[in-house]
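1. got a sequence here, can you build the structure:
(chains A and B)
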Amino acid sequence: MQLPDAEQLIATLAESMRPKVSADTCLVGIHTGGVWLAERLHALLGLSQPLGTIDVSFYRDDYSAKGLHPQPRGSKIPFDVEGAHIVIVDDVLYTGRTTRAALNELFDYGRPARVELAVLIDRGGRELPIGASFCALTLPEALPAGQNLQLERADSGALSMRLIHA
Amino acid sequence: MRNPQLNKHGELQHLLTIDGLPRGIITQILDIAAPFTEVAEREVKKLPLLRGKSVFNLFFENSTRTRTTFEIAAKRLSADVINLNVATSSTKKGETLLDTVDNLCAMQADMFVVRHESSGAPHLIAQHLENTGRDHIHVVNAGDGRHAHPTQGLLDMYTIRHYKKEFHNLTVAIVGDVLHSRVARSQIAALTTLGVPEVRVIGPKTLLPTDVEKMGVRYFASMEEGLKGVDVVMMLRLQNERMNGALLPSPQEFFKVWGLTAEKLALAKPDAIVMHPGPMNRGVEIDSAVADGNQAVILPQVTFGIAVRMAVMSMLGSH
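-> Numbers count the residues shown, from 1 in each chain, chains lettered A, B, ... in the order given. Here you go, the predicted model:
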């Protein structure tokens, strides 16, 4: 499979979001790829609220099967969630379980007015009724379960997509 | 022999003592504790990691701080916490420790937090659970006799790392009644495992174990000598209940020689931190001016203790 160009997808995603965000919109990136992407979107969209980050390790539903991440990075929500317009940002949308965990965590900080989801790629394979509000690319056919598609960051800061066969 | 605290995958199965715990596991506990400190600042101070699990606080010996912080830690992880007041329980009616444990297992316990006046009691429970094939139930030692108080040792390491960042360049002094102190034993094991190059113990000879230097520490017979240039001063509680014996003259005399005052603390590095596991005896092992001074990190220790206990319980509960 020819992997799409991440930098191009980011530009597309930012443009699709631009008419729907205001200066008060808050972005929350999901560790790790989602945080890199959120940093880019934050700059491209010129948002004024500080960027939030979420590490869903403590909210995952497979915690008792997989155990804890040995080095959780923690979550930082530096704005008031109560009444906020929030866009959760992740690199790839797959089963929807990560998004569910992020939503659960977010609501422990307060009651947002509206929450949306922005992703670079929807790879199919959903296990929960979750969809992206903004998505730069939807794969025409779902990726097989054994494959892992994720964002990678070079030392230069350039982002690219990588496919890992488990 | 397999370490009874680890399961066959090398994961933490029980926390009984820091002695023999691999450095990697200790570091992992401290790493996992770090993001937990932030939960207290949220609207909902809870994480779902132990949702649906029952944690039994089994305290055969009195404790306020330790029992309370374990309870808060378990509740912040969404566990159901059952506090057993053993003073009024069936032990007084003659039930054995293991019978009590079996009965609580029949009530679907998932974790026991145990404090006992006898060294080895938590180990005995862990062994009993293993022998009877109940390896989904975990034991945390919350202090046993003179043996160990591992979560105290771990929260002390968390505190040191928080203020000093690294362990490999530190000089740490432990001061006071090492002989009766399970806290000191856990601290020494943790400090040496984490690679602190110089651990000192300071105190009267009568309050030191005879083999103290085998534990990898340097002994100093005077505060003036021992505190010179240290980065961390860890005070121990003088166990009042031992004061009547022949080991010590009087609290006043103890304070004069071994109490931590501002003058003595001035011998340590200017940025040295002062720690105490509590409860403090002001005017016995520590002067109020020091306990309330800006080098003391005694109250942060208590707060970090919650995060460290959350880390231990969430690691145990994850398998």
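
2. residues touching the one residue in chain A that gets nearest to chain B, list them.
-> Chain B sits closest to residue A:74 of chain A, with a gap of 2.9 Å, by C-beta to the nearest C-beta. C-betas here are computed from N, CA, C, even on glycine. With C-beta atoms under 8 Å, 6 or more residues apart in numbering or on different chains as the criterion, the residues that contact residue A:74 are A:55, B:34, B:35, B:38.

3. list buried residues within those residues.
-> For the contacts of residue A:74, a neighbour count by 16 or more other C-beta atoms under 10 Å in any protein chain shown gives the buried set as A:55, B:34, B:35.

4. and the strands in chain B?
-> In chain B, the strands defined using DSSP state E lie at B:54-59, B:80-85, B:111-116, B:138-144, B:171-175, B:198-202, B:218-220, B:232-235, B:273-275.

5. and the residue nearest to the spatial centre of chain A, helix, strand or coil?
-> The C-alpha lying nearest the average C-alpha coordinate of chain A belongs to residue A:90 (C-alpha atoms, centre = their mean; 1.2 Å). In the three-state summary, residue A:90 is assigned as strand, counting by DSSP: H, G, I helix; E, B strand; the rest coil.

6. is the helix or strand of chain A with the lowest mean pLDDT in proximity to chain B?
-> Taking all helices and strands of chain A together, the one with the lowest average confidence (mean pLDDT, DSSP states H and E) is helix A:63-66, at a mean of 74. Yes - using C-beta under 8 Å from any C-beta of the partner chain, a contact is recorded between helix A:63-66 and chain B, made by A:63, A:64, A:66.

7. contacts only, for the first one.
-> It stands for residue A:63. Counting by C-beta under 8 Å, 6+ apart, residue A:63 makes contact with A:57, B:49, B:318.

8. any chance of CSV for these, columns distance to residue A:13?
-> Supplementary listing: those in CSV, determined by distance: C-beta to C-beta, whole Å:
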residue, distance to residue A:13
A:57, 25
B:49, 33
B:318, 35
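
9. need the pLDDT of the residue of chain B most remote from its centre.
-> With C-alpha atoms, centre = their mean as the measure, chain B has its most outlying C-alpha, relative to the mean C-alpha position, at residue B:93: 30.2 Å. The score at residue B:93 is 71. That number is its pLDDT.

10. just give me the longest helix of chain B.
-> Ranked by residue count under DSSP state H, the longest helix found in chain B is helix B:298-317.

11. tell me which other helices or strands that helix touches.
-> Counting contacts by 3 or more C-beta pairs under 8 Å, 6 or more residues apart in numbering or on different chains; DSSP states H and E, the secondary-structure elements packed against helix B:298-317 are helix B:23-36, helix B:65-76, strand B:111-116, strand B:138-144, helix B:150-164, strand B:273-275.

12. list the beta-bridge partners for residue A:151.
-> Here residue A:151 sits in beta bridges with residue A:161, as judged by DSSP bridges.

13. ok, it - contacts?
-> The contact partners of residue A:151, by C-beta under 8 Å, 6+ apart, come to A:6, A:33, A:36, A:37, A:91, A:92, A:120, A:159, A:160, A:161, A:162.

14. pLDDT and distance to residue B:65 added to the contacts of residue A:74, as a markdown table?
-> Rendered in a markdown table, the data for these read as follows (pLDDT from 0 to 100; distance: C-beta to C-beta, whole Å):
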| residue | pLDDT | distance to residue B:65 |
| --- | --- | --- |
| A:55 | 94 | 29 |
| B:34 | 94 | 21 |
| B:35 | 93 | 23 |
| B:38 | 89 | 22 |
